[in-house]
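Undergrad: A predicted structure for the sequence below; I have some questions about it.
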Amino acid sequence: MATSKRRGSGGSRVLPQLEKARTGIAGFDEITRGGVPKGRPTIICGGPGCGKTMFAVEFLVRGATQFGEPGVLMTFEETAAEMTKNVASLGFDLNDLSARKKLMIDYVRIEPAEIEETGTYDLEGLFIRLQYAVDSIGAKRVVLDTLEAVFSGFSNQGLLRAEIRRLFRWLKERGLTTIVTAERGEGTLTRFGLEEYVSDCVIFLDHRVNEQVSTRRMRVIKYRGSSHGADEYPFLIDEQGFSVLPSTSLGLNHPVSSQRVSSGVKELDDMLEGKGYYRGSSILVSGTAGSGKSSLGAHLAEQACKEGKRCLHIAFEESPQQTVRNMRSVGINLEPYVKKGLLRLEAWRPTQSGLEMHLLRIHKLVERYDPAIVIIDPVTNLMVGNRHEIHAMLMRLLDFLKTRQITAFFTSLTLGGQALERTEVQISSLIDTWLLVRDVELNGERNRCIYILKSRGMAHSNQVREFVMTRNGIRLLPVYVGAGTVLTGSARFSQEAREKAEESVRLHEANEKSKALEAKRKALEARIAALRAEFAEEEDSVAQTTKREEERELAVARDIAKMASLRGSKLPRNDQGA
């Protein structure tokens, strides 16, 4: 028995844990917290065609190839050759395992018409035969397929119940991890109604058809000594075996990242703080048909591949070849990335199976391919059936991708009018970043616009941006507002032309005013120059007049001085008397 420590008020104490044997079946070991009970019998029950035998055979094959536990397959309905052919399509080579002493197939032929019930009946011969098979290869695992065939010719129910108990006790005593397949009974899980009580674990498989869509479900009815998931889980049988879709964590404790992922459109990144989406977040682009949702997804895929990241693109409306061709028209060439293995394009019809099968298939692709980006175009094609179930399944998918830090990009087809900001089954509440693209009809044109309804954890633009599809990809045009509304298309061009014409008129008028002002300035400057010249002449004339006056005054002064000098001095000699 395995042990674990649990700490309580009195310290730590060791609690025994039921030892389990891993089946290797994808998803099942997670649901059962480790597999089936080791050394004990497990019943796999259900109706015809639900997958009981496939589950049991894969349990043996995985045990032999992955966990080093040889197994015995004792079949009562199909021969070894028939069983080998039936499971070959899953990639299981039973002949090879038998040759390497990893597996022994023992077909026990039982024909009810040839059996006559007389005297005491027991399973001693079966025990001897089973013991020999176990000893011959050292088996640790056993499959009995199916148990009803052993008792089909007998009517003594009391004796049958006693022998079933003895069989299960015999298997437990030898520590054989056993799978017993059983047909569903009327009102009981098994035909005899006892196996589910004496076995330690009961797994119920169901194959149902709802609205002409086939789905498979699994439920763990009981598991002695262990906790387990009690919900119904969808499962799939394909070319790689049995796969179960488990419920993801409901604790909302998945890791988050602060790293950013570019959208591949620079202007859109600018609307998201210039950095793009958060890594590991979920993005929803909703809008009407033809509004550019798929092209935005293709831009994200191209950008991721340019950075060397893997991208898984799942389409429900276009084939991979059609997607590659169509994206070339907007300058996105995806083909080189497909050839390099960076881009995986998958496509199938949404009517091919139910929602659970779609999600399980997506799970398997993600686990096999390990992408950084997952694009689902459009997710609305999965929304068929009960709205509650759809919401629960999509929540599982989102949680699964978030726990693996995968950036999820979904497109959603919406109706026009008032339904633009609504999504089917309200998945928008599960989304981190929600973009809405729509067609704006104005002046007989339909033009594309985009805006961000929400983006958790970051500042984002509240502008409505027109975008156009060009030969070089999507380009968001600068915001243009005219007459209080956002103008797009020809209305925008017409308004811009009118404003340019008005601006031209205003510039012409301003130029004319400038010319008139310049003429006035020149006239004023000429007048000023003339006044200055006139002033200079007057100034020069005054200066000359002043100079002449000064010279005249000097001459007068000299004359006066001379006169004075003459009066005060002797007369000349010729003027005196004798």
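TA: Thanks, I have the structure now.
Undergrad: Would you map the helices across the stretch 251-400 of the chain?
TA: Assigned by DSSP state H, counting those that start in this stretch, the helices in the stretch 251-400 of the chain fall at 266-271, 293-306, 320-328, 335-340, 355-369, 387-403.
Undergrad: Secondary structure class of L126, three-state.
TA: Using DSSP: H, G, I helix; E, B strand; the rest coil, the three-state assignment for L126 comes out as helix.
Undergrad: Just to check, N462 is in contact with S455?
TA: No: contact criterion C-beta atoms under 8 Å: N462 and S455 do not qualify, at 10.8 Å. From N, CA and C alone the C-beta is placed, and that goes for glycine too.
Undergrad: And those two? Which one has more around it.
TA: Applying other C-beta atoms under 10 Å to N462 and S455 shows that S455 carries more neighbours, namely 21 against 9.
Undergrad: So for the more buried one, what's the nearest residue that isn't a sequence neighbour?
TA: T433 (4.3 Å; C-beta to C-beta, 6 or more residues apart in numbering).
Undergrad: Distance check, that neighbour against T407.
TA: 10 Å (C-beta to C-beta, to the nearest Å).
Undergrad: what residues are shared contacts of these two?
TA: Common contacts of T433 and T407, defined by C-beta atoms under 8 Å, 6 or more residues apart in numbering, comprise Y277, Y278, S281, S282, I283.
Undergrad: Just put those in TSV and tack on neighbour count and distance to D231.
TA: Compiled in TSV, the shared contacts of T433 and T407 are given as follows (neighbours: other C-beta atoms under 10 Å; distance: C-beta to C-beta, whole Å):
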residue	neighbour count	distance to D231
Y277	26	32
Y278	22	30
S281	24	27
S282	24	23
I283	25	28
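Undergrad: What is the nearest of those to R109?
TA: Relative to R109, the closest of those is S282; by C-beta to C-beta it sits at 56.0 Å.
Undergrad: sorry, back to before: now do the contacts for the residue nearest to S455.
TA: L272, Y277, Y278, S281, S282, I283, L284, I452, K454, S455, R456.
Undergrad: Correct me if wrong: the second one contacts M271.
TA: When you say that, I think you mean Y277. No: counting by C-beta under 8 Å, Y277 stays clear of M271, with 11.2 Å between them.
Undergrad: Would you state the strands of the stretch 401-550 of the chain in chain order?
TA: 407-413, 433-442, 445-455, 465-470, 473-476, 481-482, 485-486 (DSSP state E, counting those that start in this stretch).
Undergrad: Off-centre distance for stretch 432-449?
TA: When distances are taken as C-alpha atoms, centre = their mean, to the nearest Å, stretch 432-449 is centred 23 Å away from the chain's centroid.
Undergrad: End to end on it, go ahead and measure it.
TA: Using C-alpha to C-alpha, to the nearest Å, the end-to-end distance of stretch 432-449 comes to 21 Å.
Undergrad: I'd like the average pLDDT over it.
TA: Across stretch 432-449, the average pLDDT comes to 84.
Undergrad: So which bits of it are buried?
TA: D432, T433, W434, L435, L436, V437, R438, D439, V440, N447, R448, C449 (16 or more other C-beta atoms under 10 Å).
Undergrad: in the stretch 251-400 of the chain, which ranges drop under the pLDDT threshold?
TA: Scanning the stretch 251-400 of the chain for pLDDT under 70 picks out 251-252, 383-387, 389.
Undergrad: Now with 90, please.
TA: 251-257, 286-292, 316-317, 348-364, 367-368, 378-400 (pLDDT under 90).
Undergrad: ok, now the stretch 1-150 of the chain?
TA: 1-18, 26-34, 45-51, 76-79, 86-91, 108-127, 145-150.
Undergrad: where does the spatially most central residue of the chain land on pLDDT?
TA: Most central in the chain under C-alpha atoms, centre = their mean is A408, positioned 0.9 Å from the mean C-alpha point. For A408, the model assigns a pLDDT of 95.
Undergrad: pretty sure it is touching S282, no?
TA: Yes: assessed by C-beta under 8 Å, A408 is found in contact with S282 at 4.5 Å.
Undergrad: got any residues that touch both of these two?
TA: If you check A408 and S282 against C-beta under 8 Å, 6+ apart, the residues they both contact are L398, L401, K402.
Undergrad: nearest to T79, of those residues?
TA: For those, with T79 as the reference and C-beta to C-beta as the criterion, the closest is L401, at 44.4 Å.
Undergrad: Quick check: the gap between that closest one and G276.
TA: Applying C-beta to C-beta to L401 and G276 gives a distance of 17 Å.
Undergrad: What of L359?
TA: On the measure of C-beta to C-beta, L359 and G276 end up 27 Å apart.
Undergrad: which one of the two has more residues nearby?
TA: Neighbours per residue (other C-beta under 10 Å) separate L359 from G276, with G276 holding more: 25 against 19.
Undergrad: Go ahead and list the helix or strand containing A162.
TA: helix 157-173 (DSSP states H and E).
Undergrad: picking up where we left off before, which of the buried residues of stretch 432-449 lies closest to S262?
TA: T433 (13.1 Å).
Undergrad: Please tell me how far the closest one sits from T414.
TA: From T433 to T414 the distance is 16 Å (C-beta to C-beta).
Undergrad: Over to A133?
TA: Distance from A133 to T414, by C-beta to C-beta: 61 Å.
Undergrad: G24 now?
TA: G24 is 43 Å from T414, by C-beta to C-beta.
Undergrad: Might you report the residue contacts of the residue nearest to R475 when sequence neighbours are not counted?
TA: The shortest distance from R475 to any non-neighbouring residue, by C-beta to C-beta, 6+ apart, is to V468 (5.6 Å). Residues near V468 by C-beta under 8 Å, 6+ apart: R448, I474, R475, L477.
Undergrad: Can you flag the buried ones in these?
TA: For those, buried by 16+ other C-beta under 10 Å: R448, I474.
Undergrad: Nearest to L144 among the contacts of V468?
TA: I474 (60.9 Å).
Undergrad: wait, doesn't that closest one sit right on D269?
TA: No: in this structure I474 lies outside contact range of D269 using C-beta under 8 Å: 11.9 Å.
Undergrad: Hmm, I427 and H391 touching each other?
TA: Yes: assessed by C-beta under 8 Å, H391 is found in contact with I427 at 7.1 Å.
Undergrad: Compare these two and say which is more crowded by neighbours.
TA: Using other C-beta under 10 Å as the criterion, H391 and I427 rank with I427 on top: 22 against 17.
Undergrad: What residues does the closest residue to the more buried one other than its chain neighbours make contact with?
TA: What sits nearest to I427 in space, not counting adjacent residues and going by C-beta to C-beta, 6+ apart, is L394, at 5.5 Å. By C-beta under 8 Å, 6+ apart, the residues touching L394 are L359, V379, L382, V425, I427, L430.
Undergrad: wait, what's in contact with the second one?
TA: Shown in contact with V379 (C-beta under 8 Å, 6+ apart): L284, L394, F410, T411, S412, I427.
Undergrad: Go again with 7 Å.
TA: By C-beta atoms under 7 Å, 6 or more residues apart in numbering, V379 lies in contact with F410, T411, S412.
Undergrad: Reformat the residues you listed as CSV; add neighbour count and distance to R174.
TA: Formatted as CSV, those follow (neighbours: other C-beta under 10 Å; distance: C-beta to C-beta, whole Å):
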residue, neighbour count, distance to R174
F410, 27, 52
T411, 27, 56
S412, 24, 56
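Undergrad: And the residue lying closest to D377 once chain neighbours are set aside, how far from D399?
TA: Nearest-residue entry for D377: T411, 4.7 Å, with adjacent residues in sequence omitted and distances by C-beta to C-beta, 6+ apart. Per C-beta to C-beta, T411 is found 20 Å from D399.
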